[in-house]
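K.L.:
sequence? don't have it. structure:
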């Protein structure tokens, strides 16, 4: 769950210390990044691939 705070915390710190503007596209990017991190790190039931099922090139 700590990974979800990294993008938004970085934007907050840069806005406060450097005065960078926060636009709609930046907020959308943070939301999409957070969603991707959440999906990648969440435990899904039955969605895991066993190492023996993965083919090597």
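P.N.:
It's in. This structure is a prediction, so every number in the text was calculated from the model and none was measured.
K.L.:
use CA for all of it now, contacts and neighbours both
P.N.:
Noted.
K.L.:
count the residues that sit near residue 24.
P.N.:
Per other Cα atoms under 10 Å, the neighbour tally for residue 24 reads 8.
K.L.:
quick one, phi/psi of it?
P.N.:
phi -60, psi -40 (degrees, to the nearest 10).
K.L.:
now do it, the pLDDT please.
P.N.:
pLDDT, residue 24: 93.
K.L.:
residue 8 versus that one, what's the distance?
P.N.:
13 Å (Cα to Cα, to the nearest Å).
K.L.:
and the one helix or strand residue 30 maps to, what does it pack onto?
P.N.:
Using DSSP states H and E, residue 30 sits in helix 24-41. Here helix 24-41 touches helix 2-18, going by 3 or more Cα pairs under 8 Å, 6 or more residues apart in numbering; DSSP states H and E.
K.L.:
pLDDT on the helix it packs on, on average?
P.N.:
So the average pLDDT for helix 2-18 ends up being 83.
K.L.:
which residues sit against it?
P.N.:
By Cα atoms under 8 Å, 6 or more residues apart in numbering, the surrounding residues in contact with helix 2-18 are 20, 21, 22, 30, 33, 34, 37, 38.
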